[in-house]
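>>> Sharing a model prediction with you, sequence too.
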Amino acid sequence: MLLAGLTFAALAAVLHVYIFALESLSWTSPRTRAVFGTTAEEAETTKALAFNQGFYNLFLAIVTVVGIAAVALDHNTVGLALIFAGVGSMLAAALVLVTSSPDKARAAVVQGAFPAVAVALLALSL
C-alpha cells in the first residue's frame, strides 16, 4: 500500500507542476486558454491571479516530493506528514473548486483524483 500511495502522490505532484506551468508560464497562450476555456481578454485580465495560483500548485508539488524523498530515506513520520499536507491540500482545493463552481466538476476530478487515491492508500498503509 505504501508504494502505491507514494506513486499516486508522485503523480499528483507531477500534475500540479503541469498546472503550475499552465497557470504561471503560459496562461495567455491559445493552448492554455483552450484548456481553461478563457478568452484572450479574460486571460490578460486574470494573468496576475493565475501566476500566483500557479505557484501555490508548484509549492504543493514540492512539499509532496520532499515528503516522498523523506520516506525514501526512511524518515517515514516526517515524510508522510509532508505528503499528507501536500496531497491533502490538493484534494481540499479540488473540493473547494467543485463546491464553489459545480460547472468545473471535471476539472476538480482531474485535479483531485490522484491526491484522493494517494490519501486513501497512504492512510491504509499506516
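Yep, that arrived.

>>> spatially speaking, which residue is in the middle of the chain?
Closest residue to the average C-alpha location of the chain: H16 at 3.8 Å, with CA atoms, centre = their mean.

>>> show me what contacts that residue?
Neighbouring residues of H16 by CB atoms under 8 Å, 6 or more residues apart in numbering: 57-58, 60-61, 64, 90. In this view, the C-beta of every residue, glycine as well, is placed from N, C-alpha and C.

>>> Next, find the distance separating it from Q111.
8 Å (CB to CB, to the nearest Å).

>>> And for T99?
13 Å.

>>> What of L58?
Where Q111 is concerned, L58 sits at a distance of 14 Å (CB to CB).

>>> the more surrounded of those two?
Q111 (23 against 18; other CB atoms under 10 Å).

>>> Show me what the one helix or strand that one maps to packs onto, helices and strands only.
If you go by DSSP states H and E, Q111 is part of helix 105-125. Judged by 3 or more CB pairs under 8 Å, 6 or more residues apart in numbering; DSSP states H and E, helix 105-125 is in contact with helix 2-20, helix 76-100.

>>> so what sits against both of H16 and Q111?
M90.

>>> Next, the residue in the chain sticking out farthest from the centre: phi, psi?
Distance from the C-alpha centroid of the chain peaks at E41, with 26.0 Å (CA atoms, centre = their mean). Note on E41: its backbone torsions stand at phi -70, psi -40 [degrees, to the nearest 10].
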